[in-house]
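Visitor: model this:
(chains A and B)
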Amino acid sequence: MSASPLIEIRDLRIRFHGDDGRVTHAVDSVDLSVANGATLGLVGESGCGKSVTSLAIMGLLPKQSAEISGAIRFDGFDLLKTPDQTLRDLRGNRLAMIFQEPMTSLNPSFTIGDQIIETILRHRGGSRKSARNRAIELLRRVHIPSPERRIDEYPHKLSGGMRQRVMIAMALACDPRLLIADEPTTALDVTLQAQILELMRELKAASGAAIILITHDLGVVAEVCDEVAVMYAGEIVERAPVDELFSAAQHPYTVGLLGSIPRLDHRAEQLATIEGMVPNMAQPPAGCRFAARCPFVLDACTKVPPRLLEVGPGHLSRCIRAPLERLVS
Amino acid sequence: MTALLEVTGLVKHFVAERSLLGRPLAHVKAVDGVSFSLEAGKTLALVGESGCGKSTVSRLVLRLIEPDAGSVRFDGRDLLSLDARGLRAFRREAQIIFQDPYASLNPRMTVGQILTEPLALHDLAPAPRRSERVAELLRLVGLEPRLARRYPHEFSGGQRQRIAIARALAVEPKLIICDEPVSALDVSIRSQILNLLRELQDRLGLAYIFVSHDLAVVKHIADHVAVMNLGQIVETAEADALFAAPRHPYSRALLSAIPVPKPRAKSSRIVLQGEIPSALNPPPGCRFHTRCPYVVDRCRSEMPRLVADGIGHATACHRTSELPSSEAIVRMDGGFSPVLEKLVAAFSGGPEAARGGGIRSLGAAPTSP
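Guide: Take a look at the predicted model:
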C-alpha cells in the first residue's frame, strides 16, 4: 500500500441505539485504507456491517440513533468531525456513491438531465448551458447512446442497466477522488454486469479515482479489485491483496465463502456450507465472533477476541489458527 | 423413455395496449414458440436476461396462465384440455417455489398450519396423522419439527426457503418449478439450499425446472439447459456440453460474462453492445441480430430454426457451422490452490461439521435483527 492513502479509517466503531434501549454493535474496530487509483473490495453477507461502514464514510447515518467513534481521514479532513455544511460540499463532489437499486436513487419526477445538471451546478457553479453540455458529455462517457436525446428522458423510460449508467454518470459529474459502489451490479443481468464492470475499470484508468466496491459476489471481486477486506459480524476478519486472498485465504470464514460458490470448471456434488447463524449483535460473543460456526474452533477461540494480525506481506487475519496451511498438512 | 413433461410450440402474447373499444393494439410476445421436454428426476434450467420469457414459460407449464397456442403434456396427459377437477389433481403433481420466500408464506399462519393446508386440501393424510406428516416434512428439509409452532417472521431467509420447499413437497409432486430460488439469499445460505434441492432430487426422484439468471448456479444444478432470448429458445443442450462449448452467439456472450472467482483469469469476454430490444416489437429475422457480432444480411430477414445436431445439442443460428470455435468462451477458474482445496474440504467435512449428513437440523435460534 502506498505511503499516504487517500482515505484512512482508524478504529471505526458504530453502535445503533434502538427505541427499546437495545444497543446493536454494527461495526467494531474497523481499520481500512485505500490508495489513490486502487480498488478495495468490501465483502461479506447481509448484516456484516459493510454498507454501514460506507454510509459512515458518506456521513449518511442517522445522528440520533448511531453512535460513531474512531477516525475517517480523507483528503485532509476527519469526516467524523467535519461540520455538515462541509460534508455537503464533499458529497457528490470529491466523495461519490452509487447504490444497488438505481430506480430508488433517481428522482422519478425529474429528467435525468435535470438531476445531473443539479449536481454540477451545486458543486461547480457556472451556467446552466455549460452544465448541460457537461451532462451530455458524461452520459456519452458511460456509453449511453444518443445522449443529446436521452438527457431529457425520465428515469422510468430507461432500462435497469441504463439507469445504473446514469447513476454512475451522476457520481462522476464532479470527478470524485473516491467512489463508493454498493452492490452496483447485483440487480443486473450478467451481460449488463459485464458492461458496468468494464465501465468502472475504464473510468478508474482514466481518472485515477479510488473505488470501494461493496459486494457479496466473489467473482466480481476477483475481477475488479486490487485488495479485499472480508467482514463478518461487524469486524474485518481478513484483509489481503486479491491474488493472495483467492490463493491462500487465511480465515475460516473466507474459506467457507469460497467453498460455497458454485464453480464453473468442476461439478462438486456438495457445496461447502457455513452452518449456524450470525451471532446476535446486541450481545456479541466474548471470543471470536465466528467461533460458533467454525469447524476449526478451539477452546481458546471462545475465550478471548482474536486480533487482526499480519500473516504475510499485506495479509491480515483475525484467527488464532492462522496460518491455516498447518491445519491440512 | 417417455418424458415427464413435453412442451410443444408454446405461445403467449400479452396485450400491452388497447384501443378505446378494448381492441388490442400492441402485444408483448413474451413466449413465442417454445418447445422442450423433461424426463423424470432430471433438471432443466431456463436461462436468459430479464424479460426473455423464462418465468412466463414456467407459469404456462403449470397453467397458472393460459397459453395462446401450443401443447403441454405431463405424464401422458394433455394439460390444456383438463377440466377444473383434472387441473386440481395435476396441482398435486407439479409445484412451484419462488424467489422471495418472505412474500410467499402467509405471515399470519404458523409453519404447522402452512404445511397442513395442502394436506387437508388434497386430503392426503387423515387429520390425526397430519402433525406427524408435518414433522416429517420439516425433517426432510433440515428443520426441527418443534419449529412448526412458529411464524414465518421468526425465521431467516434460508429457513423460510426451506419452509416453502417443505410446502411444495407436502403433496409429493413429481415436478417442482424453482423460479430463482436462491437469488435473494446470501452466498453461504445459497449453497445450503442448492445442496438441499439436490439431495431431495436424489432421494425423491423429483424433476426440476430451474429458472435462474445465475449461470454458475445453473452449471452446478442442471442436467439440461435452454437458453432463451426474447421469448424463444436459441440453444438447448446438456449442461456440460453447453458450458464446454456454447454455439449460439447469444449463449457465447452470456456465458463469457460470468465473473469467476480467480483474479486475472484468462478473458475472452464478449461484451454485448446495444440494448436488449423490446419484446413489444421484436426485430424481424433472428431476434438477436441487433446485438450479434456475427450478423449477416440473412439474419435480418429470415428467422433461424432450432436445429439439433443428433446428440441433443440444438442451436437456432444460420451461421452455426461457420462460427469460430467456442471452446475457451467460458472462463475457467482453474481451481483453487491445492492448500485452499484441502481447506475447503476440511471446512465442510471437518470433525465438527461431520455431526450430521448433508441434511442437518438447523438450530431454532430466531434471526438476529
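Visitor: which residues in the stretch 1-150 of chain B form helices?
Guide: Remark: helices assigned in the stretch 1-150 of chain B by DSSP state H, counting those that start in this stretch are B:54-61, B:84-91, B:111-121, B:130-140.
Visitor: With distance to chain A, mean pLDDT and mean neighbour count added, can I get those helices in CSV?
Guide: For every residue, glycine as well, the C-beta is placed using N, CA and C. Output for those, formatted as CSV (distance: least, C-beta to the nearest C-beta, whole Å; pLDDT from 0 to 100; neighbours: other C-beta atoms under 10 Å in any protein chain shown):
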stretch, distance to chain A, mean pLDDT, mean neighbour count
helix B:54-61, 11, 92, 23
helix B:84-91, 31, 91, 12
helix B:111-121, 17, 94, 19
helix B:130-140, 17, 94, 18
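Visitor: Could you dump the ones you listed into TSV and include distance to B:Arg300?
Guide: As requested, those are exported to TSV (distance: least, C-beta to C-beta, whole Å):
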stretch	distance to B:Arg300
helix B:54-61	25
helix B:84-91	42
helix B:111-121	50
helix B:130-140	53
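Visitor: Run through the chain and note the low-pLDDT ranges.
Guide: Let's take chain A. A:1-3, A:266-268 (pLDDT under 70).
Visitor: wait, chain B
Guide: By pLDDT under 70, the low-scoring segments of chain B are B:1, B:265-268, B:274-275, B:332-335, B:350-369.
Visitor: any idea which helix is longest in chain A?
Guide: Looking across chain A with DSSP state H, the single longest helix is helix A:190-207.
Visitor: Now the closest residue to B:Arg92 other than its chain neighbours: which helix or strand?
Guide: Excluding its sequence neighbours, the residue lying closest to B:Arg92 (C-beta to C-beta, 6 or more residues apart in numbering or on different chains) is B:Val171, at 4.5 Å. Using DSSP states H and E, B:Val171 sits within no helix or strand.
Visitor: At which residues are the strands of the stretch 151-300 of chain A located?
Guide: A:178-182, A:210-215, A:227-232, A:235-241 (DSSP state E, counting those that start in this stretch).
Visitor: Which neighbours in the sheet does the last one have, and how are they oriented?
Guide: Right, strand A:235-241. Sheet partners assigned to strand A:235-241 using DSSP bridges are listed as strand A:227-232 (antiparallel), strand A:315-317 (antiparallel).
Visitor: got the strands of the stretch 151-300 of chain A as a markdown table, with mean neighbour count columns?
Guide: A markdown table is the format used below for these (neighbours: other C-beta atoms under 10 Å in any protein chain shown):
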| stretch | mean neighbour count |
| --- | --- |
| strand A:178-182 | 23 |
| strand A:210-215 | 24 |
| strand A:227-232 | 25 |
| strand A:235-241 | 25 |
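Visitor: among those, which is nearest B:Ile270?
Guide: Among these, strand A:210-215 comes nearest to B:Ile270, with 22.7 Å by C-beta to C-beta.
Visitor: For that closest one, name the packing helices and strands.
Guide: Under the contact criterion of 3 or more C-beta pairs under 8 Å, 6 or more residues apart in numbering or on different chains; DSSP states H and E, strand A:210-215 touches strand A:23-34, strand A:39-43, helix A:50-58, strand A:178-182, helix A:190-207, helix A:218-224.
Visitor: highest average neighbour count across those?
Guide: By mean neighbour count, with neighbours taken as mean count of other C-beta atoms under 10 Å in any protein chain shown, strand A:39-43 ranks first of the helices and strands packed on strand A:210-215 at a mean of 25.
Visitor: Tell me where the stretch 101-250 of chain B has strands.
Guide: B:175-179, B:207-211, B:224-229, B:232-238.
Visitor: do you know how far B:Glu199 is from chain A?
Guide: 9 Å (C-beta to the nearest C-beta, to the nearest Å).
Visitor: Also B:Ile65?
Guide: 23 Å.
Visitor: Enumerate every residue touching that residue.
Guide: By C-beta atoms under 8 Å, 6 or more residues apart in numbering or on different chains, B:Ile65 lies in contact with B:Lys12, B:Thr56, B:Arg59.
Visitor: would you turn those into TSV with distance to A:Ser329?
Guide: Output for the contacts of B:Ile65, formatted as TSV (distance: C-beta to C-beta, whole Å):
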residue	distance to A:Ser329
B:Lys12	58
B:Thr56	53
B:Arg59	53
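Visitor: Let me know the closest of those to B:Val218.
Guide: Closest approach to B:Val218 among these (C-beta to C-beta): B:Thr56, at 18.2 Å.
Visitor: OK, contacts around that closest one?
Guide: Contact partners of B:Thr56, counting by C-beta under 8 Å, 6+ apart, are B:Lys12, B:Ala30, B:Val31, B:Ile65.
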